[in-house]
Every structure is written in C-alpha cells, then in structure tokens.
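Asks: just the structure for this:
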Amino acid sequence: MPHPPDTDAPEAEEEPQPFPMPRPGSMGPPPQYPRLRRECPLAKVTTPFGAPAWYATRYDDVRNLLADDRFIRPTIEDWPADTGAAACGPGLLTMMELEGPRHAALRQALARPFSVRAVRRRRPAVRATADGMLEQFTTTGPPGDLVSGFCEPFPLLVMCDLVGVPYEDRDYFLPLADAALGALITLSEGREATHRLRAYMESLLERRRRTPGDDILSALVLACERGAVDHESVLAFGLSMLVAGYRTTTMFLANAVLTLLCEPERYARLLHDRTLLPAAVEELLRFLPVQNGVIVLQARQDLVLHGRTVRAGEAVLPVVAAANRDERAFLEADRLLLDRTSNLHLAFGRGPHNCIGAHLARTQMSVALEALLDHLPRLHLAAEPPLWADDEPVRSPLTLPVAW
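Replies: The predicted structure follows:
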C-alpha cells in the first residue's frame with residue numbers, strides 16, 4: 001500500500017500555528033490553504049481545544065494518508081489522551097474507528113442496502129420525500145428559510161426511513177449528535193454527548209429486536225443474532241448514522257444551494273440543462289469545503305513526512321477540503337466548473353474507511369437539486385443574509401433566506 005512520501009531531510013523546530021478557520025460569515029475554505037500547500041504541506045497546528053496535531057493539505061498526501069495502515073482512527077475518548085474520559089466507560093465508537101475483521105464483517109453486512117442497485121430502487125421514494133417537503137415549504141412563503149424548511153429535514157428523514165431511526169426522536173438526538181460532531185471545538189461537551197448517544201442507540205436496538213421493521217438496523221440486529229456481526233459493530237453503525245449519516249449531507253446541500261444562488265447564472269444553467277447535474281454534483285462535492293480537518297488519524301509508530309517526525313500517538317489531520325482545491329491535482333482548482341470531467345475528488349475518503357453511503361449521498365444531492373429546480377425555478381437569495389456559526393471549522397449556513 002503506498003505511503004505518503006518520506007524524507008530524511010532534517011526537520012526544523014517550529015511553534016504550532018493557529019488552527020485554520022474560514023473567514024467570518026462564510027463557509028470557507030480557510031485562506032491559509034494555498035500557502036500551506038505551497039510552503040508547509042504538513043504543518044503543526046493547535047486544535048481549537050488546545051491539543052497539537054499535524055495538518056496535511058496536499059492532494060497526494062491526503063489521498064495516501066486516508067489509506068495508510070500506519071495510522072488508526074481514534075475515538076473521541078482516545079484522542080487526545082484523557083484518563084478521566086476513559087474512566088467514563090465506552091463512548092463513541094463509529095464505523096470510522098472499527099478496524100480489522102469486525103469492520104470487514106460490518107461492511108459486508110451493509111454492502112447490499114448501500115449498493116448502487118439498492119439506492120437506485122429507493123430513488124423514487126427519496127424524490128417523493130423531497131417533493132412533499134418542498135410543497136409544504138412553498139405554502140408558507142416567500143420568503144422562507146431553506147435550511148429549516150428543506151436542507152436539514154430532507155436528508156434527515158431519508159436517513160431515518162432507511163436506517164430505522166424514529167424521525168420523531170430528532171429533538172433528542174440531534175443536539176447530542178451535533179455536540180459529538182463538533183468535538184474538535186467543544187471536546188468535553190462532545191465526550192459527554194457520546195455517552196448519551198450510545199445509551200439512546202442501545203435502547204433503539206432493543207426496540208428493533210422486539211419489533212423489527214423493514215430497515216437496516218432491524219436487519220443488522222437479525223445478523224447479530226445469527227453471529228454474522230457483533231453487537232458493538234451494530235452499535236457503531238447506528239452511532240455513525242446519528243453523528244454523520246445525514247449531517248454532512250445537510251451541510252453539503254445548504255452550501256451547494258448558497259453557492260449556486262450567489263452566482264444566479266449557475267442555477268439558471270442547471271435549470272435549462274439537466275444533463276449537467278451528475279457532473280455538477282461531483283464538482284460541488286469537490287468544491288465545497290465541508291471537510292475542514294475533521295478526520296483524525298493517530299500514528300501507530302514514529303514516521304517522517306515532509307522532513308517532520310510524527311511520533312507514535314500523535315495525530316495527523318488529512319484535510320480533504322484542502323486536497324480537493326490542490327492545483328497540482330485539479331486545473332483551475334479554485335473555480336466551480338459545473339461541467340468538470342475526470343473529477344477524482346476525495347469527498348468520500350479512500351481506502352477501507354471510504355464512505356459506505358457515497359451512493360446514497362450522491363442520490364440525495366442529485367434528487368434535492370432536481371426537486372428544487374422543478375418546484376422553484378425562480379429561486380433566489382432574499383435580502384436578509386444567512387446566519388453562520390463562526391466558531392466552527394466546518395460550516396454551512398444556519399439559515400438560508402430565499403424567495404421565488
């Protein structure tokens with residue numbers, strides 16, 4: 001398996017740099033990316049909660065790191081080291097942290113429901129969900145907030161229906177999931193939320209055992225009883241869906257609509273040429289900076305990258321959003337080209353932990369944009385600007401006021 005390029009060049013001592021953040025009132029990417037890729041492709045940074053980490057920004061490095069077996073993916077309880085957190089008991093083990101035979105068995109059990117064929121069969125139901133939400137959204141405006149009216153509930157409802165998570169429980173698990181996902185900023189709150197999320201998922205699995213349905217959790221509970229997967233792996237899948245199974249899609253969708261509407265000719269181009277949608281979805285996945293350093297890899301051993309020694313136990317953050325803007329890998333990397341071809345972006349990762357829901361995410365993005373174009377051909381930004389959470393490294397608008 002290829003590894004990032006090592007070198008024996010002498011390393012220079014350096015002070016950690018501040019963690020790169022997007023400019024206030026924007027989704028990003030942080031303005032430091034071009035300089036880091038050019039001058040310091042593996043930079044020592046201080047994370048927002050104070051722990052040091054290595055920040056990788058070049059496409060080739062990030063691509064290789066994502067599949068590098070010299071690293072593991074630590075849980076929120078395991079990195080940074082905290083004996084107090086460990087004493088709290090089991091925490092947030094998701095599919096991203098599973099390794100070896102357990103991870104392989106779980107992915108095998110999930111291969112069919114997340115396959116291209118299975119997702120294609122679900123597409124009419126996904127479109128019906130989008131249509132219903134947009135019909136309801138348009139009865140109360142204009143103007144309206146597209147985030148609360150569509151971009152957030154649409155992917156969430158699709159995930160809940162597929163996985164078997166009760167949509168009516170969202171007021172309980174959404175704040176906990178967001179706290180866990182935001183642990184790069186609020187580590188202690190994130191760790192506390194993981195224990196409550198785990199307890200919720202345990203209770204949900206018990207409900208699915210007693211009253212199975214036509215959903216993935218019910219199927220996994222049955223597979224667990226047959227011995228095909230173990231209980232902790234099923235729990236890891238459920239926690240993955242709560243924390244990241246829909247949230248990244250909501251953020252991609254909100255950022256995509258805002259990006260298209262900021263230059264209305266982009267939206268108009270898709271409106272009049274739907275054949276562009278497949279390429280446009282891939283380009284939006286590449287261009288939008290939803291992955292600003294939230295993947296954490298922990299070195300199993302000492303190794304040297306770009307003349308810097310990464311010690312065993314230290315963390316490396318392969319920044320997909322920076323890699324996807326690398327001019328070495330993409331022509332006109334900082335331009336959104338809706339008809340871009342040969343788009344080998346890293347939005348869904350790479351290697352054993354590549355996103356198992358990639359086909360579903362692509363379908364949701366495509367269906368959502370199709371439905372918006374059909375229902376709201378005159379969609380445009382309202383006078384009121386979007387609201388942002390400027391303390392988050394991974395951003396999408398909290399509100400997206402629109403008219404039509």
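Asks: okay, strands next: where are they in this protein?
Replies: Secondary structure of the chain by DSSP state E: the strands cover 17-18, 42-46, 52-56, 71-72, 144-145, 297-299, 303-305, 308-310, 315-318, 380-381, 401-403.
Asks: out of those strands, which is closest to residue 212?
Replies: Closest to residue 212 of the strands of the chain, according to C-beta to C-beta: strand 71-72, at 33.7 Å. All C-beta atoms are positioned from the backbone trio N, CA, C, and that covers glycine.
Asks: the closest one pairs with which strands, and in what direction?
Replies: strand 297-299 (antiparallel) (DSSP bridges).
Asks: tell me who's in contact with residue 373.
Replies: Taking C-beta atoms under 8 Å, 6 or more residues apart in numbering, we find residue 373 in contact with 267, 270, 271, 274.
Asks: so what's the closest residue to the third one other than its chain neighbours scoring on pLDDT?
Replies: With C-beta to C-beta, 6 or more residues apart in numbering as the measure, residue 373 is the residue that lies nearest to residue 271, at 5.2 Å, once sequence neighbours are left out. According to the per-residue confidence, residue 373 scores 98 in pLDDT.
Asks: and the gap between residue 373 and residue 261?
Replies: Residue 373 is 12 Å from residue 261, where distance means C-beta to C-beta, to the nearest Å.
Asks: which neighbours do these two share?
Replies: Here residue 373 and residue 261 have residue 267 as joint contacts, going by C-beta under 8 Å, 6+ apart.
Asks: now the contacts of residue 373 in JSON lines, with pLDDT?
Replies: Below are the contacts of residue 373 laid out as JSON lines (pLDDT from 0 to 100):
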{"residue": "267", "pLDDT": "98"}
{"residue": "270", "pLDDT": "98"}
{"residue": "271", "pLDDT": "97"}
{"residue": "274", "pLDDT": "96"}
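Asks: for ChimeraX, write a command that selects the buried ones of these.
Replies: Selection of buried members from the contacts of residue 373 for ChimeraX, criterion 16 or more other C-beta atoms under 10 Å:
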select :267,270,271
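Asks: can you give me the helices in the stretch 251-400 of the chain?
Replies: 264-272, 277-287, 320-323, 358-375 (DSSP state H, counting those that start in this stretch).
Asks: quick check: which of these has the most neighbours on average?
Replies: When the helices of the stretch 251-400 of the chain are scored by mean count of other C-beta atoms under 10 Å, the highest mean neighbour count falls to helix 320-323 (a mean of 29).
Asks: quick check: which helices or strands does it pack against?
Replies: Judged by 3 or more C-beta pairs under 8 Å, 6 or more residues apart in numbering; DSSP states H and E, helix 320-323 is in contact with helix 33-39, helix 59-65.
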